[in-house]
Structures are given as C-alpha cells and as structure tokens.
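S.K.: quick one: sequence and predicted model below, then my questions.
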Amino acid sequence: MPSAEDPVEWDETERDWMRALDLYEKLHECPLCGLSTDLCHDQGKVDRLFAGAQVETCWITFQRERAMRKYEESGTVLAPHAQTANLIPRN
C-alpha cells in the first residue's frame, strides 16, 4: 500500500487502485490459507476439489522454531510472542 514516505511516485488513480485491491484482499482472502473465501469457506467446493490433506514439514519454519527454542531455553526472553528468527545464509 503506497504511503507518503513511498519513494515511488503514485498518482491518485494508482493509489485508488491499490486501496481497492487492499480492500478486496481483506474482504475476500482467507487469513489462514490465503485462498478466496468463496472457495475455502464452502465445504462442498473444498470436498469436490481435494481428497484430503497430508502433513509436510516446512524446513524453514523448522529452523526458526529450533532457534526460538534455543533462545527460550537461554532464559533471556522478554516477550516470547514478539520475537522472530532470521535465517543465516551460508557463505
């Protein structure tokens, strides 16, 4: 969403389009799965499209959770739900 501090020049029409897109996404995208609420909130549609689900591991989240566990065990956690972990690229 463009702001006053945005270095890119946006005319009022472009701002209006971005505001409309933002509103549309807030009203029509599920905050959990990111799909259209017309799909994911309709059990019949979901049952017709998908046979089920399988559990998989996101290895990025795995590394972040491992780092957070180590941090929590250190005893220096000030706000456990305000902390995040950044991945460290290999050189």
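M.R.: Received it, and whenever you're ready, just let me know what you need.

S.K.: following element in sequence after the longest helix along the chain, please.
M.R.: With secondary structure taken from DSSP state H, the chain has its longest helix at helix 12-28. Toward the C-terminus, helix 12-28 is succeeded by helix 37-40 as the next helix or strand (DSSP states H and E).

S.K.: can you name every helix or strand that that following helix contacts?
M.R.: On a contact count with 3 or more C-beta pairs under 8 Å, 6 or more residues apart in numbering; DSSP states H and E, helix 37-40 meets helix 43-49. For the C-beta atoms, the positions are set from N, CA and C on the backbone; glycine is no exception.

S.K.: and the chain, what are its domains?
M.R.: 12-49, 55-91 (automatic domain parsing).

S.K.: could you check how far the residue lying closest to Pro80 once chain neighbours are set aside is from Gln83?
M.R.: Spatial nearest neighbour of Pro80, chain neighbours left out: Glu72 (6.6 Å); criterion: C-beta to C-beta, 6 or more residues apart in numbering. Distance of Glu72 to Gln83, given as C-beta to C-beta, to the nearest Å: 9 Å.

S.K.: need the domains of the chain in CSV (columns: mean pLDDT, mean neighbour count and distance to Glu5).
M.R.: Below are the domains of the chain laid out as CSV (pLDDT from 0 to 100; neighbours: other C-beta atoms under 10 Å; distance: least, C-beta to C-beta, whole Å):
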stretch, mean pLDDT, mean neighbour count, distance to Glu5
domain 12-49, 88, 11, 14
domain 55-91, 89, 9, 23
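
S.K.: and the longest helix of the chain, how far out from the chain's middle?
M.R.: 18 Å (C-alpha atoms, centre = their mean, to the nearest Å).
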